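J.: need a structure here:
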Amino acid sequence: MRDLSGFAGHYGHWGWVAIIVVIVSWMLYRYAAPKGWREWSGAGLIQAFIIALYAEMYGFPLTIYLLTEFLGIDLPMYAHTGHLWASLLGYGPGGAMTEMLLGGAFILLGVVLLIAGWRKVYQARREERFVKDGPYGVIRHPQYTGIMLAVFGQIVHWPTLITLILFPVIVLVYVRLARQEEREMVSRFGTAYQDYMRQIPRFFPRRGDWIRLIDTLSM
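T.: Residues are numbered from 1 along each chain as shown. Presented below is the predicted three-dimensional model:
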């Protein structure tokens, strides 16, 4: 195993792990607002993702340990600060910076989309209607898209073995949850919601509509 003593100052900060997990979890439950058991199951998976991510970010580099100890991969210094893709693919420090910026962009877009979707849903619940304006005028499930983008951004920025395993499971759970919600909305609103489904894609904008989606976030 490669000597990790040079990186000891970066890890072992379990107090930071606890603080950041609490803050990020609060944002999750505040803006994802799970209701039924299906939504709670999705939120639980994201909670596990959050704990696994920050435990490796500031606590103990489990993924680095496994890769170096069991696979014998000799990783450069920047791998130990989260830049695993650049290390494994040989992109170097420039690639490490690129993946950090790219991952951060996905995370920011995902969080903003989650909050914007929550605001629209909160207003609609008070007015007893379904939302079809703002980001909902571009995609049917902006909150779930926001969650997927934010989680994907973390995979780009700071991949770990556990979060890589959890990511496809999270996507699958939210795809199933979206389908279930759509059946409930059709049952409640009938042909009006069916027409909306035919006009608006489920998770990702049609080609050329990404700018329009971003424009709705500033409204």
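J.: can you get me a residue count around the closest residue to Glu182 other than its chain neighbours?
T.: Spatial nearest neighbour of Glu182, excluding adjacent residues (C-beta to C-beta, 6 or more residues apart in numbering): Met197 at 6.5 Å. C-beta coordinates here come from the backbone N, C-alpha and C atoms, glycine included. The local packing of Met197 (other C-beta atoms under 10 Å) involves 13 other residues.
J.: what packs against the helix or strand hosting Met197?
T.: Per DSSP states H and E: Met197 is located in helix 191-199. When contacts are defined as 3 or more C-beta pairs under 8 Å, 6 or more residues apart in numbering; DSSP states H and E, helix 191-199 sits against helix 161-189.
J.: now the helix it packs on: mean pLDDT?
T.: For helix 161-189, mean pLDDT rounds to 94.
J.: quick check: which helices or strands does it pack against?
T.: helix 37-54, helix 62-69, helix 142-157, helix 191-199.
J.: let's see that with 6 Å instead.
T.: helix 37-54, helix 142-157, helix 191-199 (3 or more C-beta pairs under 6 Å, 6 or more residues apart in numbering; DSSP states H and E).
J.: buried ones in the shortest one, by neighbour count?
T.: Right, the one you point to is helix 191-199. Using 16 or more other C-beta atoms under 10 Å as the test for burial, helix 191-199 gives Tyr193, Tyr196.
J.: stretch 202-211 now?
T.: Neighbour-count burial for stretch 202-211, counted by 16+ other C-beta under 10 Å, picks out Phe203, Pro205, Asp209.
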